[in-house]
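J.: Output the structure for:
(one chain, ligands or ions: 1)
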Amino acid sequence: MGAIEIDGLTKQFGDVVAVDDLDLRIEEGEIFGFLGPNGAGKSTTIDILLDFIRPTEGIVTVLGHNAQTEGKAVRQRTGVLPDAYHVYDRLTGLQHLEFALEMKGVDEDPIALLERVRIADAAYRKAGGYSKGMRQRLVLAMALIGDPDLLILDEPSTGLDPNGAREMREIIRAENDRGTTVFFSSHVMEQVEAVCDRVAIINRGELVAVDTIDGLRDATETGETLYVSVADLTDEIVAHVSELDGVGRATAADGRLRVIVDGVSKFDVLRAIDADVVPIQDFSVVESSLEDLFVRYTADEPGAEI
Ligand SMILES: Nc1ncnc2c1ncn2[C@@H]1O[C@H](COP(=O)(O)OP(=O)(O)OP(=O)(O)O)[C@@H](O)[C@H]1O
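T.: Predicted coordinates for the structure are as follows:
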């Protein structure tokens, strides 16, 4: 049994197809990243997993329960960090936990939960004075009540500084070590690359890739990206390079050309850029990052940036 099984899921809002015939299976014990550009259908899919909205078509099973007919059983065993969450400014962190424990009818030590998300030292402070990252941890602590088998996190790194993002990764790993399956959506590619066993990329509601990050690299022609420095990089140069033979995609990145080579040798492409487009000052070849792969799978226009 997979932790999450999505079969033929479609969701339409009027004319908008938010999710289009999606099939996806997340195994128990995985840390799974769910990626896609703005409007790709991530939150809609998550809302269907939790039965906040109903699918137009398809069947979704979470922890062996039909998400639509057995939503209560799903929610009992699932902890959620929603995209938009609310904390009560006048209640302390501890009071939030006590309230949530009572609502769930669970007898656990609230301080231990706050320790797991590393804000126990702020237990007696009002949440109104918490930083964004502390609020996020507080909501995560509430999600951990009852030791859920599955954690669903919608953009858990939003608003966190690099230290906060690293600590969020450590918390995700620690929960996973306790046996929890983690399914999270994110735009922060480094975060996903550092922590996920597998990822799915969706674009315009459709699944475009699902694999390990190494698997995604292997599935692209070279798994490598060329970075080329030229004197004055303009949109015209990017467009011209995009049209060269053997160029899968060309974009501008930090003042350099980022070129994904498709089916020919990197040197042929470098030679063509130098001879036909613009003199090359310098170049480097790097293993494709998840961000490179994401651009490759989701950019609809040549030269488009994420
Ligand atoms: N309640 C709704 N009514 C109409 N259209 C909706 C509704 N909810 C979502 N959509 C549309 O469905 C598509 C998918 O939206 P969704 O929020 O699932 O994307 P997302 O991948 O979570 O995006 P983001 O990364 O920006 O949060 C978008 O075109 C969005 O406008």
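J.: could you give the mean pLDDT of stretch 199-208?
T.: Per-residue pLDDT values over stretch 199-208 give a mean of 92.
J.: from the chain's centre, how far out does it sit?
T.: Distance of stretch 199-208 from the chain centroid (Cα atoms, centre = their mean, to the nearest Å) equals 11 Å.
J.: Please apply the same query to stretch 135-152.
T.: Distance of stretch 135-152 from the chain centroid (Cα atoms, centre = their mean) equals 17 Å.
J.: And for stretch 185-200?
T.: In terms of Cα atoms, centre = their mean, the centre of stretch 185-200 is found 5 Å from the chain centre.
J.: Straight-line length of it, end to end?
T.: Start and end residues of stretch 185-200 are separated by 10 Å (Cα to Cα, to the nearest Å).
J.: cool, stretch 32-40 as well?
T.: The distance separating the two terminal residues of stretch 32-40, taken as Cα to Cα, comes to 17 Å.
J.: With stretch 215-231 instead?
T.: OK, stretch 215-231 end separation, Cα to Cα: 35 Å.
J.: swap in stretch 76-91?
T.: Distance between the two ends of stretch 76-91: 24 Å, counting by Cα to Cα.
J.: for stretch 171-185, same thing?
T.: Stretch 171-185 stretches 16 Å from its first residue to its last (Cα to Cα).
J.: That one and the ligand, are they touching?
T.: No. Using Cβ under 6 Å from any ligand atom, no contact is recorded between stretch 171-185 and the ligand, whose separation bottoms out at 6.7 Å. (Each C-beta comes from the backbone N, C-alpha and C, glycine too.)
J.: For residue 22, which residues are in contact?
T.: The neighbourhood of residue 22, defined by Cβ atoms under 8 Å, 6 or more residues apart in numbering, consists of 6, 8, 9, 10, 41, 45, 58, 202, 205, 206, 207.
J.: Sorry, wrong one. I was asking about residue 109.
T.: Contact analysis of residue 109 by Cβ under 8 Å, 6+ apart lists nothing.
J.: Please apply the same query to residue 283.
T.: In this structure, residue 283 makes contact with 226, 227, 228, 229, 270, judged by Cβ under 8 Å, 6+ apart.
J.: what's around residue 284, how many residues?
T.: Taking other Cβ atoms under 10 Å as the criterion, the count of residues near residue 284 is 10.
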